[in-house]
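> sequence and predicted structure below; questions after.
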Amino acid sequence: MHFLEVHPEHLNIKVEAPPETTHGWVVTYLGGDEQQTPLHKEGPCWTGRLPRSNLHYRFRFLVQGKVWWYNQSGVSSTSPAFHTDFKHTEQAPPEWVHGRVFYQIFVDRFKNGNPALSVREGEYLYEGHPVKARRWEDSPTREHGAREFYGGDLEGIRQSVPYLKTLGVNALYLNPIFESPSSHKYDTQDYHRIDPHFGTNQDFARWMKDMHENDIRVVLDGVFNHTGDRHMWMNREQVYGFRGAHQGGDTRRHYTYHGPGPDDYLGWAGIKTLPKLDYQHPEVRSKMYGQRHSVVRYWLNPPYNVDGWRLDVSPMIGKNGTDEGNQEILSGIWQAARETRPDSFIFGEHVFDATRWLQGGVEDGSMNYHGFTHPTWGFLAGVEHRMQPAQVTAEDYAQRLTTSLSSLPHPHQLAQVNLLSSHDTVRFATLCPDPDLQKIGAALLLTFIGVPCIYYGDEIGLQGGEDPDCRKPMPWGSPAFQGDLHRWYRTLIQLRHQEQALQRGAFQVLHAQGDELVFERRLGPERIRVLLSRGEGFLSPLEGQWLDPVTSQLHRKQVRIPSKGVVILKST
Ligand code: ARE
């Protein structure tokens, strides 16, 4: 076990390790860089001294040539998955996220609650072409992409609250809702205005109140890396009485990264509708998150009181057309959010490893593509990131889950946003057509450490290929709402709400071999064990007596996991 003595300038640390240990380190993070300080052997313990400024640390030992990690149940080699960590509590992610199951909604495609607001055929031009009004039954097309509209709106979501409650979700992540000419709304025209086809600002204030009264939290998509080419800072259509970035010349107004000519601005990924913001300019920082009416603060404040931000392409935000100053800017956003609402939840969109951002004070969590989505696709669907074919055994899968966790402080592990699909990916049901494996996927999503986030429609096994096919309108009325998968999602979500160990417990793999995986979530004496096979069935030994909360069956000595099946047990 560990001891900690706190002095004004330093901390004394003492940790017990197995007798065969040859080396010990305390691993710290300073400004995102990992540093190792050697520990010294003193009898059965290893001791060390750290300056007080190092607030995040964990222990690593070399035992008989192998790396072991110190975690809450002592020292273990199998799973470097959870570590005691002494982070400043005020930097920890907000507590409320643990009790939440998120649901992601792409607003235009969810439900049309107020047809009077819907975009009309040819109402305006987008990228030189008239916009399209589509029928709910039609599939989105690549040809029309961002300029086809289905009429989903805020009112539609409000009308669906009973549905959300039956499903059991209690938090929403909404794709962008601010004024923008496209259907995806990542090209913001006005950060302070709800898109008129979704509702008014006043409607939104009322809508937020309704959501909160129904105990539903709401996180908005913050698209702060770039703006839209119709934003006033660009003044592309010259409707404002100043020279915007599009006219060039007026450097005070160069909010975007910009060269001398009117079109010499940098678009995200080269896309001209998404001019990259330049945080080099103090005014950009101030308008985005500094001043009282800055975008970040405006929506967290009354009368809207949103609960947090999902930060679009957050690792790319920066100065001079690059990611320069990224962590400092994100930390500014995080602080502004916390100052405005001390319990706001800030998570970034990371396709790759987000460790550096998740050490406190920068982001609370990330969309966990790297540490959950891609490994899970690999294990269940045999494909990876960018749809590469992959062979991922249970051993590989366990290794990837735990390795990714091992560098995160426990509070951040709990705030990772796990997902099986999103508006940017092929849908899980398309990647993984086998209904039994889909059920395993759902079980993993709802029992893995972190916050589950269900992409609308995944709960009925909605199919969808690459963007825009993965953004089909929700097929209300489909028999799939009475189907097996939907029932299974409801059961799992309920279980998640009942079991604190699933919400806040540590994660540890107990068995990983070929097609078989067994892991536990533990919180104090509470233990939830998840046992699954993507292939043949198997018998797993049990110590003591366990309850299957789904079937109410008791199990002693052993339990049978059916072929392509999953069993969830609770210690009694
Ligand atoms: C549109 C078209 C696409 C076309 C693209 C480029 O719909 O079919 O390929 O233009 O011409 C938003 C819209 C998109 C739109 C895009 C540009 O939602 O529909 O695409 O703007 O107008 C990578 C990034 C990741 C990023 C995705 C899109 O790493 O951060 O690309 N995600 C965010 C949002 C998006 C949003 C933007 C960024 C821009 O979540 O919705 O796009 O604000 C593989 C790759 C990933 C890649 C991912 C998805 O997994 O490995 O790197 O993510 O596919 O493409």
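Received it, and whenever you're ready, just let me know what you need.
> mind listing what Gly450 touches?
By CB atoms under 8 Å, 6 or more residues apart in numbering, Gly450 lies in contact with 365, 368, 372, 413-418. Placement of C-beta: from N, CA and C, glycine included.
> quick one, strands of the stretch 1-150 of the chain?
2-6, 10-16, 21-30, 33-38, 40-42, 45-51, 57-63, 66-71, 74-76, 102-105, 125-126, 129-130, 132-133, 148-149 (DSSP state E, counting those that start in this stretch).
> between those strands, which gets the lowest average pLDDT?
Lowest mean pLDDT of those: strand 74-76, a mean of 49.
> tell me the residues of the protein that contact the ligand?
Contact residues, the chain versus the ligand (CB under 6 Å from any ligand atom): 145-146, 184, 186, 223, 268, 271, 273-274, 312-313, 349, 351, 385-386, 423-424, 467-468.
> need the buried ones from those selected in PyMOL.
A single PyMOL command suffices to select whichever of the residues of the chain next to the ligand are buried according to 16 or more other CB atoms under 10 Å:
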select buried, resi 145+146+184+186+223+268+273+274+312+313+349+351+385+423+467+468
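> just the residues of the chain next to the ligand: which are in helices?
Assigned to helices by DSSP state H, none of the residues of the chain next to the ligand qualify.
> just confirm Gln202 is within a helix.
Yes. Judged by DSSP: H, G, I helix; E, B strand; the rest coil, Gln202 forms part of a helix.
> any low-confidence regions in the stretch 51-200 of the chain?
Applying pLDDT under 70 to the stretch 51-200 of the chain flags residues 51-58, 69-90.
> just the helices from it, written as ranges.
154-159, 161-167 (DSSP state H, counting those that start in this stretch).
> mind listing residues that contact the first one?
Outside helix 154-159, the residues that touch it by CB under 8 Å, 6+ apart are 105, 107, 110-114, 117, 172, 177, 194, 198-199, 203-204, 207, 210-211.
> just the contacts of Gly450: which are in strands?
365, 417-418 (DSSP state E).
> now those: which count as buried?
Neighbour-count burial (16+ other CB under 10 Å) applied to those gives 365, 417-418.
> what is the nearest of those to Asp229?
Nearest to Asp229 out of these is Val417 (CB to CB; 29.5 Å).
> beta partners of the closest one?
Per DSSP bridges, the residues bridged to Val417 are Met367, Val451.
> so it sits against Asp364, correct?
No. Using CB atoms under 8 Å, Val417 makes no contact with Asp364, being 9.4 Å away.
> shared neighbours of these two, which are they?
Phe347.
> which element is the nearest residue to Asn305 once chain neighbours are set aside on?
The shortest distance from Asn305 to any non-neighbouring residue, by CB to CB, 6 or more residues apart in numbering, is to Met208 (5.7 Å). Here Met208 sits within helix 201-213, counting by DSSP states H and E.
> now tell me what touches that helix from outside.
154-155, 157-158, 161, 172, 177, 192-194, 199, 217-218, 303-306.
> now swap in stretch 328-336 and tell me
222, 224, 279, 285, 288-290, 294, 296-297, 309, 311, 314, 317-319, 346, 348, 357, 361-364.
> so which of those residues are in helices?
Using DSSP H, the contacts of stretch 328-336 in helices are 285, 296-297.
> closest one of the residues you listed to Ala429?
Val296 (35.1 Å).
> thinking again about what came up before, what residues sit buried inside the helix holding Met208?
Using 16+ other CB under 10 Å as the test for burial, helix 201-213 gives 203-204, 207-208, 211.
> sorry, back to before: narrow the ones in helices among the contacts of stretch 328-336 to those that are buried.
Buried subset of the ones in helices among the contacts of stretch 328-336 (neighbour count, 16+ other CB under 10 Å): 285, 296-297.
> adding pLDDT, write those out as a markdown table.
A markdown table is the format used below for these (pLDDT from 0 to 100):
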| residue | pLDDT |
| --- | --- |
| Arg285 | 97 |
| Val296 | 98 |
| Arg297 | 98 |
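> about what we covered before: mean neighbour count, the helices of the stretch 51-200 of the chain: which tops it?
Ranked by mean neighbour count under mean count of other CB atoms under 10 Å, the helices of the stretch 51-200 of the chain are led by helix 154-159, which reaches a mean of 22.
> from the chain's centroid, how far away is that one?
Offset of helix 154-159 from its chain centre (CA atoms, centre = their mean, to the nearest Å): 23 Å.
> again, but for stretch 116-126
For stretch 116-126, the distance to the chain centre is 32 Å (CA atoms, centre = their mean).
> contacts for it?
Residues from elsewhere that reach stretch 116-126 (CB under 8 Å, 6+ apart): 112, 130-133, 146-147, 149, 151, 153, 155, 181-182, 196-199.
> and which of the ones in helices among the contacts of stretch 328-336 is nearest Ile528?
Taking CB to CB as the measure, Ile528 sits nearest to Val296 out of these, at 36.6 Å.
> how much space separates the closest one from Thr376?
32 Å (CB to CB, to the nearest Å).
> same check, this time on Gly308
Distance from Gly308 to Thr376, by CB to CB: 24 Å.
> same check, this time on Thr166
Taken as CB to CB, the span from Thr166 to Thr376 is 26 Å.
> same thing with Asn214?
When Asn214 is compared with Thr376 (using CB to CB), they lie 30 Å apart.
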